[in-house]
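Q: generate a structure from the sequence data that follows.
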Amino acid sequence: MIKSIIGKTEAGIMFDVSVTGWSLDKDLQIIQADVHMAVDDSLIIEEPLCVDVGLPAFLYSALHDTEPNRFAPANQWERMPFFVCGCGDPECRGFSFVVRHLADERVELQSVEERTNGTYRELETHIISSREYGKQVLAIGDTYLQYIKGLDYRPYFADTVKVVEELVNQLHQQLRSE
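A: Next comes the predicted model:
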């Protein structure tokens, strides 16, 4: 069921994702932060979570359709939940999304609950301006890259930083060309 169609309205932007209070857990080698995601009047996420495990997938979703698989190996980074519990283990609490790029510059963002058999239960679906989605996701990628500079940071997926840099560059190019 589609709950809302959003983008920019006269009242302002109806899609909001922010990540604040960044910190590195040196023992687990994950980046944690306070995550807020809301669409229209629907609060989707409001809690401290791991942001780097799923960041490559989140950035990728602004460029391509995605379907999550929280049980995929780390090298299938594009299938990770966008945010997972603060322990960094994708098998713990996670926020998984299916993202579809639609015609007329819109994105369908579908919050789902994954099951161990590879299926998922749809929770809620929103239609968002693809430009607004891309801008907000890109801002998080840029902030991540600034945050990790100079840190002794060795993520489980060794290519996390490289993949994030590549996707951030692609998103910058895409948004400049629009």
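
Q: excluding sequence neighbours, find me the nearest residue to the most centrally placed residue in the chain.
A: Centre of the chain computed as the mean C-alpha position; nearest residue by C-alpha atoms, centre = their mean is F58, 3.0 Å away. The shortest distance from F58 to any residue other than its chain neighbours is 4.3 Å, reached at F82 (C-beta to C-beta, 6 or more residues apart in numbering). For glycine as for every other residue, the C-beta is placed from the backbone atoms N, C-alpha and C.

Q: that neighbour contacts G54, correct?
A: Yes - using C-beta atoms under 8 Å, F82 is in contact with G54, at 4.3 Å.

Q: list the buried residues in the host helix or strand of Q32.
A: Counting by DSSP states H and E, the element that carries Q32 is strand 30-39. By neighbour count, with 16 or more other C-beta atoms under 10 Å as the criterion, the buried positions of strand 30-39 are 30-35, 37-39.

Q: could you count how many residues lie near the residue nearest to R106 when sequence neighbours are not counted?
A: Taking C-beta to C-beta, 6+ apart, and ignoring the residues beside it in sequence, R106 has I127 as its nearest neighbour in space, at 5.3 Å. Using other C-beta atoms under 10 Å as the criterion, I127 is surrounded by 20 other residues.

Q: my guess is E122 contacts V112, does it?
A: Yes - between E122 and V112 there is a contact at 5.7 Å, judged by C-beta under 8 Å.

Q: name the nearest residue to L102, sequence neighbours excluded.
A: Leaving aside its sequence neighbours, L102 sits nearest to E108 (C-beta to C-beta, 6+ apart; 5.7 Å).
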